[in-house]
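S.K.: Task: produce atomic coordinates for the following.
(chains A and B)
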Amino acid sequence: MNPQRFLNHLRKELPDWVGRGWVTPISAEAILQHVGARPVGTHFLASALAVLGVLLFGSGIITYFAANWDAMPKLAKLAVLLSTLWFSHGVGGYLLREDRYPRLAQALLLLGVILFGANVMLIAQIYHIQSHYPNGILLWALGGLLTAYLMPSQPAMVAALALAILWTGMESFGFERIHGAFLVVWLACLPRIFQHSWRAAAHVACIGLLLWLFFVFLNLENYSEWGKDKGLFSMQLYFLSCCILFLIGLLMDTAARFAPFAGIVQRYPVIAGLLSFYTLTSPRLQSGQYWVGDEAVRATANTTWMIATLTALAAVVLLAAWHRRRAGGAARPAYLHWGQALIAGIAALILVNLFVGGIYGGLVALAFNLLFFAGVIWLIVAGERRSDRFLVNSGFIFFALALLSRYVDTFWTLLNRSFFFMAGGAILILGGFFLEKQRRRLTGEILARRRNQGGREV
Amino acid sequence: MTLRVGLILLIQTLALTAMVAMKQWTLNTGTPILLETQPVDPRSLFRGDYVRLNYTINTIKLDEVGGEDVFRRYERVYVVLKPGGRYWEPVSVHQSWPTVESGVVIIKGEVGSTIDAAGEPQTRSRKQRLNVRYGVEDYFVPEGAGRELEVRRDGKHIDLRIAVDRYGNAGIKAVLVDGEERYIETLF
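M.R.: Below is the predicted model of the structure:
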């Protein structure tokens, strides 16, 4: 919390706490003096302005030299490129060493990372270097990683991770391959993130891993050994991967060393898992009708899909059992038991789905829809019990999304178009009003509960 | 801290210098060969301030050259070139570094696409045509100069002098307009 806001909050709350006898008047005064004595600056504003300034300055440099590029000899170009790189790193390092203006120092180090990338691109242009083009981004990412490790610098780490994601995107889509090398760079980032508890970098790392997994499953269609119906089975596998990551997040919650990152590691797999599970509710996907006019006949999974899916399912079961062992006990809330039953149901359906072929895809889609709605309701209940607004909000959003999708699937061909849109509009207005009312009520209760408990958001 | 900043600057500067040095090594030690460029669609010829060059050797008809038969998209290939009348021409294409006689060069490339005679994507046919990129297809030019290089639009002929080093890496040494060197690559 912003220190000034925290102080104001304490000023409001402390008289009440004194009145209840929780805090003595002397202690209340001491707390206010202690918090009030902390340096209350415009940290956020200073950081934001410094980063904005760096970005503008970096853009300006690039634009200036781009406009005057032709008039400069190669040696002058190289001198300009290297001197700007040395300047930004040098001044950033000096400020960090002197422990002055740490935010400006970090901003200058970020500028150094940006300039290193600009140097890579411009030197490639000057010398007509056109090797495998994602390599330029990889070199840039490694330059950022070097700065992140040695300085250390969280902005440089965030930049390195973002560049690594761009690199794997280029390799995955530009060259249609499963790009395992990303994992090496990604894993290289983790020790520093944990060591310094870099939360922003942890967010980007989580997003990066889920995106990379998505790219992997999209590219399976380029490998013949995976057989037919790759979209359906790869989505099942992606969902299970999200479950695995989510369970790892739950396990992290049980270890003090990793607990600060547990919330982040749980959050993104929930979103990606919901999206993939929502995709699995599509009757077209389950029936093998990928394109309009396709026959609603699908193939069963081949051996490769079965081995991959069973391995992922086994990993889910083992991780869930491990979590139960570490976090189990008499105090285990009922909603967790229901959650386990739900996951068991989903796992069973995914398993059965491997063997379903022919014209029965529609039935499987129905089962997936039932479990999806049950799962979303469970998520809302779990969010309410855990006082987690994120889970409640996600649950309501996906509930509305699935409801709308099924309405379109069901009534698009059955109703007259005008009735379709009128009924759809009415459902949207009334359903949206009801859902929003419930969502606000629940999140309001969570907020009020948290205020009373003095807790913080997970 | 000073040591760490110095280490960052040293490693990053070395990486950038290595990019220049490797390219310059190719240009200085490589065998110079002359390659013919083919007319390309003028609408896609220029993008920004660089010229997209389309060489005759970018398209290889497998039934006209030796080497292996089956290639996949994005695969690394090694193309053996020998001197023809005026230009160097492909002799064979391989998936691994081939053993060759003297008087030829091996240029490293990447399969951009594989198509059959009817224009359909194909992977197992001797009639297959490979589209191969060698990393010398883009040439950055001063602003506004690109149009001058537009191939054969005003009857001028554009050729490229390429250096190919002993590892198959290629680099543009010079751009020739009607046989006259117009742009020559130098270190500084």
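
S.K.: What segments of the stretch 251-400 of chain A are helices?
M.R.: Secondary structure of the stretch 251-400 of chain A by DSSP state H, counting those that start in this stretch: the helices cover A:259-280, A:283-287, A:303-327, A:334-353, A:361-386, A:389-411.

S.K.: quick one: which of these is nearest residue B:8?
M.R.: The closest of these to residue B:8 is helix A:259-280. By C-beta to C-beta, the value is 26.7 Å. All C-beta spots, glycine's among them, are computed from the backbone N, C-alpha and C.

S.K.: Report the angle between the closest one and helix A:389-411.
M.R.: With axes from the mean of the first three to the mean of the last three C-alpha atoms, to 10 degrees defining the directions, helix A:259-280 sits at 0 degrees from helix A:389-411.

S.K.: Can you show me the CA trace of helix A:259-280 as PDB?
M.R.: Taking C-alpha atoms only, helix A:259-280 is exported to PDB below (Å, rounded to 0.1, in the frame of the first residue of the first chain):
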ATOM      1  CA  ALA A 259       4.800 -19.200  -0.600                       C
ATOM      2  CA  PRO A 260       5.300 -15.500  -1.700                       C
ATOM      3  CA  PHE A 261       5.000 -16.600  -5.300                       C
ATOM      4  CA  ALA A 262       2.200 -19.200  -4.800                       C
ATOM      5  CA  GLY A 263      -0.600 -16.700  -5.600                       C
ATOM      6  CA  ILE A 264       1.000 -15.700  -8.900                       C
ATOM      7  CA  VAL A 265       1.700 -19.300 -10.000                       C
ATOM      8  CA  GLN A 266      -1.900 -20.300  -9.200                       C
ATOM      9  CA  ARG A 267      -3.500 -17.300 -10.900                       C
ATOM     10  CA  TYR A 268      -2.400 -17.600 -14.500                       C
ATOM     11  CA  PRO A 269      -3.000 -21.300 -14.900                       C
ATOM     12  CA  VAL A 270      -6.600 -20.700 -13.600                       C
ATOM     13  CA  ILE A 271      -7.200 -18.200 -16.400                       C
ATOM     14  CA  ALA A 272      -5.500 -20.400 -19.100                       C
ATOM     15  CA  GLY A 273      -7.200 -23.600 -17.700                       C
ATOM     16  CA  LEU A 274     -10.600 -21.900 -17.800                       C
ATOM     17  CA  LEU A 275     -10.000 -20.800 -21.400                       C
ATOM     18  CA  SER A 276      -8.900 -24.200 -22.500                       C
ATOM     19  CA  PHE A 277     -11.700 -26.000 -20.700                       C
ATOM     20  CA  TYR A 278     -14.200 -23.500 -22.100                       C
ATOM     21  CA  THR A 279     -12.800 -24.400 -25.600                       C
ATOM     22  CA  LEU A 280     -13.400 -28.100 -24.800                       C
END
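
S.K.: Would you mind listing the buried residues in that helix?
M.R.: Buried positions in helix A:259-280, judged by neighbour count with 16 or more other C-beta atoms under 10 Å in any protein chain shown: A:261-280.

S.K.: pretty sure residue A:204 belongs to a helix, no?
M.R.: Yes. Residue A:204 sits within a helix when classified using DSSP: H, G, I helix; E, B strand; the rest coil.

S.K.: roughly how far apart are it and chain B?
M.R.: 21 Å (C-beta to the nearest C-beta, to the nearest Å).

S.K.: In three-state terms, how would the nearest residue to that residue once chain neighbours are set aside be classified?
M.R.: Once flanking residues are discounted, residue A:204 sits nearest to residue A:161: 4.4 Å by C-beta to C-beta, 6 or more residues apart in numbering or on different chains. Put simply, residue A:161 is helix when judged by three-state DSSP.

S.K.: How about residue B:81?
M.R.: Look at residue B:81: counting by three-state DSSP, its state is strand.

S.K.: Measure how buried it is and give me the count.
M.R.: Around residue B:81 there are 22 other residues, counting by other C-beta atoms under 10 Å in any protein chain shown.
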